[in-house]
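Chemist: task: produce atomic coordinates for the following.
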Amino acid sequence: MAKLTLTTFVSLDGVMQAPGGPDEDTTGGFEYGGWMVPFADDGLGAFINEVFDRSGAYLLGRRTYDIFSSYWPEVTDPQDPVAARLNTLPKHVVSRTLTEPEWENTTVVRGDVPAEVARLKEQTAEGELQIHGSGTLAQFLLAHGLIDEVNLIVHPVYLGRGRRLFADGGEPTAFELTGARTTGSGIAIHTYRPAGRARFGTFEQDV
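Modeler: You can find the predicted model right below:
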């Protein structure tokens, strides 16, 4: 069974919306798209290549799928480690409205999403089943305990608004840190494994 992993860019205050460009996602009047670009460096590129090198299939939300499908099919360099895998490996997009995806090797996931995702984990024979971005889908699958590993790529910028990965109202969850590195521009890359529900205690002394 494949491991289901999530890789996402976030700001210091947890915003994941529109990291790659000003017009990527302006939902809610978001004006700060492209906030990760000034920090992109060789260290980040090396990590992203490592992640994609482990991929066996992709699971995407509709918005992220639309962003990817408008760009990556046009990157035809067979030496590009991201494009070469995205354009050839299976892609599964969760959507109620998409009926005829044009990007090669794409299937639409609908109906009982947790059951379908569990099935996709079982049928992905090699590599990871990977989520990239796809905030709404990621929140949903985290709540259902289906994500096995999270790569948080934390950029040294505070935005103050925008869609967050860990939104208010989520189930308190503990994570185990399994890897960490930093890049020259100050990006902190943390890899976590969900470790059950959060526990709570106190430092108060008995008197």
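Chemist: and the helices in the chain?
Modeler: For the chain, applying DSSP state H gives helices covering 42-53, 62-69, 81-86, 113-123, 135-143.
Chemist: mind listing residues that contact the fourth one?
Modeler: When you say that, I think you mean helix 113-123. For helix 113-123, contacts defined as C-beta atoms under 8 Å, 6 or more residues apart in numbering pick out 1-4, 57, 59, 92, 94, 109-110, 129, 140-141, 144, 146. Where C-beta positions appear, they are placed from N, C-alpha and C, glycine not excepted.
Chemist: what about the residues you listed, which are in strands?
Modeler: Leu4, Ala57, Leu59, His92, Val94, Val109, Leu129 (DSSP state E).
Chemist: what is the burial count for the spatially closest residue to Asp148 that is not a sequence neighbour?
Modeler: Distance criterion C-beta to C-beta, 6 or more residues apart in numbering; nearest residue to Asp148, sequence neighbours excluded, is Lys3 at 4.5 Å. Lys3: 16 surrounding residues under other C-beta atoms under 10 Å.
Chemist: start the count at 5 instead of 1 going forward.
Modeler: New numbering, starting at 5: the last item is Lys7.
Chemist: need the contact list for Lys7.
Modeler: When contacts are counted by C-beta under 8 Å, 6+ apart, Lys7 touches Lys125, Glu132, Leu133, Asp152, Glu153.
Chemist: burial measure for the fourth one, as a count.
Modeler: I take that to be Asp152. For Asp152, the count of nearby residues is 16 (other C-beta under 10 Å).
Chemist: quick one, what contacts it?
Modeler: Counting by C-beta under 8 Å, 6+ apart, Asp152 has contacts Lys7, Leu8, Thr9, Arg197, Pro198.
Chemist: for Glu132, see how far away it is.
Modeler: With distances taken as C-beta to C-beta, to the nearest Å, Asp152 is found 9 Å from Glu132.
Chemist: overlap of the contact sets of these two?
Modeler: Joint contacts of Asp152 and Glu132 (C-beta under 8 Å, 6+ apart) are Lys7, Leu8, Thr9.
Chemist: isn't Leu63 right up against Thr111?
Modeler: No: taking contacts as C-beta atoms under 8 Å, Leu63 lies outside contact range of Thr111: 10.3 Å.
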